[in-house]
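Let me see the structure of the following:
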Amino acid sequence: MAMAAWKRAGVCLTAAAVVVGLAGCQDGDGGGKKSADTSGSAAQTQNEAAEVLQAAFEKTSEAKSSKVRMTMTMPAGLEGGGTMEMSGVQGWDPAVLDVTMKGSALTAGAPDGPQQTRMIMVDGVMYMDMGAEQAAQMDGKRWMKMDFKAVADASGDPEVQKQMAGGLENMNQDPAQQLALLLGSPNLKHVGPEKVDGVQTEHYKGTLTIEEMVDANKALEGMFSEAEREQLVANMKKTGLKGYDTEVWVDEDDYPAKMVVGMTTAQGTMKMTAHYSDYGAKAEVQAPPAGETFDFMELMKELESLGAGSAA
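Residues are numbered from 1 along each chain as shown. Prediction:
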């Protein structure tokens, strides 16, 4: 495999990691009360807002899937920085994803690479479509396969394995579970009624410190000792991460229509804006044919055998 193709693969994988990681932090959206309940009235109290979002938690849990249209903006100082647009379908319980991605974060460092790519995630495995040029170089194999558990196991490092397991748990959390993070905010606020994509919604917002986010994240329960939890928080703070600002717009059916999450880092603010629709539509996501895939771990072994001096 030519090194130039590997560079393009690396860019795609970096972008995908950003997408999956942010989706894990931000999938969740809240449901709400009917617009008539609040129109022309005083803003709801924090307890009333929590009740609304709790109702949304329950309603969204039952849906198990939705269409998603997401835009992420990442500071240029971060690897994969730039803008990423993603649209497609996602499902939870079980966690699946089938989306098309495009944007400057995808093409950064590889301007000759594909301008957009498709990503599929199913059974804890991610597949990236590397395009026709890749297929020509790899006997028709255009899909790069990345098995997160296999990557963790191959590291031989218990800490890496634990972190990867936590990451998979986060990806397996459905939007309702992510909404539970927002419910952990001590300062929930009802902003007021707004229209989103032509639909009447109610707008809510809240913030979480790093400590509050870790405490509210059920995926981390039982995985870290108190000392390890403190180290995790310290490591996150070292990156310059200040906390999470979350906004959600809930439609009249108690489903999140839109969500915005901002994360302030030393390099700048990472922002994700997601629009959701068609809740409950079946998410039929299938892995690409085995004959059209090549394994990320095998690729890494190939690169090691080529040595650092291989030319692009």
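
Give me the below-cutoff pLDDT ranges for the stretch 201-312 of the chain.
Within the stretch 201-312 of the chain, the ranges that satisfy pLDDT under 70 run 216-224, 229, 239, 303, 306-312.

can you give me the helices in it?
Counting by DSSP state H, counting those that start in this stretch, the stretch 201-312 of the chain has helices at residues 210-216, 226-238, 296-306.

who does the last one touch, helix- and strand-wise?
The helices and strands touching helix 296-306, judged by 3 or more CB pairs under 8 Å, 6 or more residues apart in numbering; DSSP states H and E, are helix 3-26, strand 143-147, helix 148-155. C-betas here are computed from N, CA, C, even on glycine.

Number of residues surrounding residue 279?
By other CB atoms under 10 Å, the residues close to residue 279 number 22.

just residue 49 next, same as before
Residues lying near residue 49 (other CB under 10 Å) number 26.

ditto for residue 187
10.

May I ask you to confirm that it is in contact with residue 49?
No: contact criterion CB atoms under 8 Å: residue 187 and residue 49 do not qualify, at 9.9 Å.

Now do the buried residues in stretch 231-250.
Using 16 or more other CB atoms under 10 Å as the test for burial, stretch 231-250 gives 232-233, 236, 241-250.

still on that earlier bit, lowest mean pLDDT across the helices and strands packed on helix 296-306, which one is that?
Among those, helix 3-26 has the lowest mean pLDDT, at a mean of 45.

Residue 185 in helix, strand or coil?
Look at residue 185: counting by DSSP: H, G, I helix; E, B strand; the rest coil, its state is coil.

Please name the nearest non-neighbouring residue to it.
Nearest non-adjacent residue to residue 185, counting by CB to CB, 6 or more residues apart in numbering: residue 206, 3.3 Å away.

just checking, the one you found touches residue 182?
Yes: between residue 206 and residue 182 there is a contact at 5.4 Å, judged by CB under 8 Å.

Could I get the full set of strands for this protein?
Ranges of strands in the chain, per DSSP state E, are 65-74, 82-91, 96-102, 116-122, 125-129, 143-147, 189-196, 199-209, 243-251, 256-265, 268-277, 293-295.

ok, residue 291 - how many residues close by?
Counted with other CB under 10 Å, residues neighbouring residue 291 total 9.

list the contacts for it?
Under the criterion of CB atoms under 8 Å, 6 or more residues apart in numbering, the neighbours of residue 291 are 140-141.

Look up how far residue 140 lies from it.
Residue 291 sits 7 Å away from residue 140, going by CB to CB, to the nearest Å.

just to revisit the earlier point, now the strands of the chain as CSV including distance to residue 287?
Formatted as CSV, the strands of the chain follow (distance: least, CB to CB, whole Å):
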stretch, distance to residue 287
strand 65-74, 17
strand 82-91, 14
strand 96-102, 10
strand 116-122, 5
strand 125-129, 6
strand 143-147, 8
strand 189-196, 33
strand 199-209, 34
strand 243-251, 32
strand 256-265, 28
strand 268-277, 24
strand 293-295, 8
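
now, of these, which is deepest in the fold?
strand 243-251 (a mean of 24; mean count of other CB atoms under 10 Å).

list the helices and strands it packs on?
Using 3+ CB pairs under 8 Å, 6+ apart, strand 243-251 sits against helix 46-63, helix 175-183, strand 189-196, strand 199-209, helix 210-216, strand 256-265.

and that strand, which strands flank it?
According to DSSP bridges, strand 243-251 has the following sheet partners: strand 199-209 (antiparallel), strand 256-265 (antiparallel).

Among the buried residues of stretch 231-250, pick out the one closest to residue 196, please.
Nearest to residue 196, judged by CB to CB, of the buried residues of stretch 231-250 is residue 249 at 4.8 Å.

what sits against that closest one?
Applying CB under 8 Å, 6+ apart, we find residue 249 in contact with 194, 196, 201-204, 256-259.

change it to 6 Å
196, 201, 203, 257-258 (CB atoms under 6 Å, 6 or more residues apart in numbering).

ok, now residue 192?
Going by CB under 6 Å, 6+ apart, residue 192 touches residue 203.

does it have beta-bridge partners, and which?
In this entry, residue 192 is beta-bridged to residue 203, by DSSP bridges.

again with residue 126
Taking DSSP bridges as the rule, residue 126 bridges to residue 121, residue 146.

was I right about it contacting residue 146?
Yes: Residue 126 is within contact range of residue 146, at 4.6 Å (criterion: CB atoms under 6 Å).
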